[in-house]
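J.: Predicted structure and sequence below. I'll ask about it afterward.
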Amino acid sequence: MSYTVIQTEVHDRVGLIRINRPKTLNAINSTVMRELVQALEAFDADSAIGAMVITGDERAFAAGADIKEMVDASAVDMLLADNIGTWDRIRNIKKPLIAAVSGWALGGGNELAMSCDMIIASETAKFGQPEINIGIIPGAGGTQRLTKAVGKAIAMEVVLNNRTISAEEAYRFGLVNRVVPVEVYLDQALELANELAARAPLAIRMGKEMVNHAFESFLADGIADERRSFYYLFSSEDQKEGMKAFIEKRDPEWKGR
Ligand code: CAA
């Protein structure tokens, strides 16, 4: 299959997917979402592959959903397009998924990393949910998965006050599995993925399902509520102002309406 905004490679028994929009810090537009899910499903169906790694580049894993694509959208546009709905298919991937994160993992980027089963972070990784800066909230699971991973107090600071979590903090909070030098973060992720790919496939599949069961009980309701609130905010003046201000590189003027 040929892709336009991602690249795929095979390393032994591991399928590697690189998000490839470096000029936008790998911002996730609807094409990235669609191609990423297609590539994951293709690797999931390939018996020569036992695990997958998702990565960006050294500067950014992904700096969030593409603000330029959403700036003029109404709540109804967002609801009808339901781009985030595409990501529900990531939850159906059976093989282990590892995020190899360097640099920014913000907004939808952090949400994508948290949708994976494990995260290998470079020392330069920075995690956050900066949606509050542009007048919205996370919409792809951030309020739910982050809270479960790091607890309420830290999640509140991240979601409400744009606190960024460093790689070392992310390890301490239980958000990531390992922090390694930037030179080796991708190799280490591939090595871990190859270890998983060599293990008993059915037991790996059941183990993943069961850990997710423990983590995700009640998650589906929270995700659906979050998505509705996220789409709803696109009927506000603050969303338009926040996103325009980001694009025009100025401070927003909030109206609370
Ligand atoms: N969408 C679209 N374009 C983006 C982007 C995004 N999320 N993040 C960065 N870019 C673009 C910038 O507009 C800029 O493009 P130009 O060169 O054309 O101006 C380019 O990438 C480089 O970015 P900066 O010049 O801003 O780089 P920086 O080093 O000064 O700052 C940054 C880096 C702090 C990550 C900053 O780019 C930033 O704050 N980005 C936005 C982060 C954000 O708000 N993410 C959440 C998006 S909403 C979301 O994800 C919702 C959801 O839950 C699904």
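T.: Received the coordinates, thanks.
J.: is the ligand contacted by stretch 205-224?
T.: No - judged by CB under 6 Å from any ligand atom, stretch 205-224 and the ligand are separated, with a smallest distance of 11.5 Å. C-beta: built from backbone N, CA, C; applies to glycine.
J.: ok, and what's touching that stretch?
T.: Contacts with stretch 205-224, where a contact means CB atoms under 8 Å, 6 or more residues apart in numbering, come from 91, 94, 95, 96, 117, 141, 143, 144, 145, 148.
J.: what about the fourth one, neighbour count?
T.: The one in question is residue 96. 23 (other CB atoms under 10 Å).
J.: circling back: closest one of the contacts of stretch 205-224 to the ligand?
T.: Closest to the ligand out of the contacts of stretch 205-224 is residue 141 (8.1 Å), distances taken as CB to the nearest ligand atom.
J.: I figured residue 50 hits residue 197, correct?
T.: Yes - assessed by CB atoms under 8 Å, residue 50 is found in contact with residue 197 at 2.6 Å.
J.: what do those two both touch?
T.: Counting by CB under 8 Å, 6+ apart, the shared contacts of residue 50 and residue 197 are 13, 14, 95, 96.
J.: State the pair within those that is farthest apart.
T.: 13 and 96 (11.2 Å; CB to CB).
J.: so what sits against both of the two?
T.: Residues touching both residue 13 and residue 96 (CB under 8 Å, 6+ apart) are 50, 51, 197.
J.: Would you report which members of these are assigned to strands?
T.: Judged by DSSP state E, the shared contacts of residue 13 and residue 96 include residue 51 as members of strands.
J.: At which residues are the strands of the stretch 151-257 of the chain located?
T.: Here the stretch 151-257 of the chain has its strands, by DSSP state E, counting those that start in this stretch, at 165-166, 178-180.
J.: Tabulate those (TSV), appending distance to residue 156 and mean neighbour count.
T.: Formatted as TSV, the strands of the stretch 151-257 of the chain follow (distance: least, CB to CB, whole Å; neighbours: other CB atoms under 10 Å):
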stretch	distance to residue 156	mean neighbour count
strand 165-166	13	20
strand 178-180	24	19
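J.: How about the residue nearest the centre of the chain: what's its closest non-neighbour residue?
T.: Computing the C-alpha centroid of the chain and ranking residues by CA atoms, centre = their mean puts residue 112 first, at 1.4 Å. In space, and not counting its chain neighbours, residue 112 is closest to residue 62: 6.1 Å by CB to CB, 6 or more residues apart in numbering.
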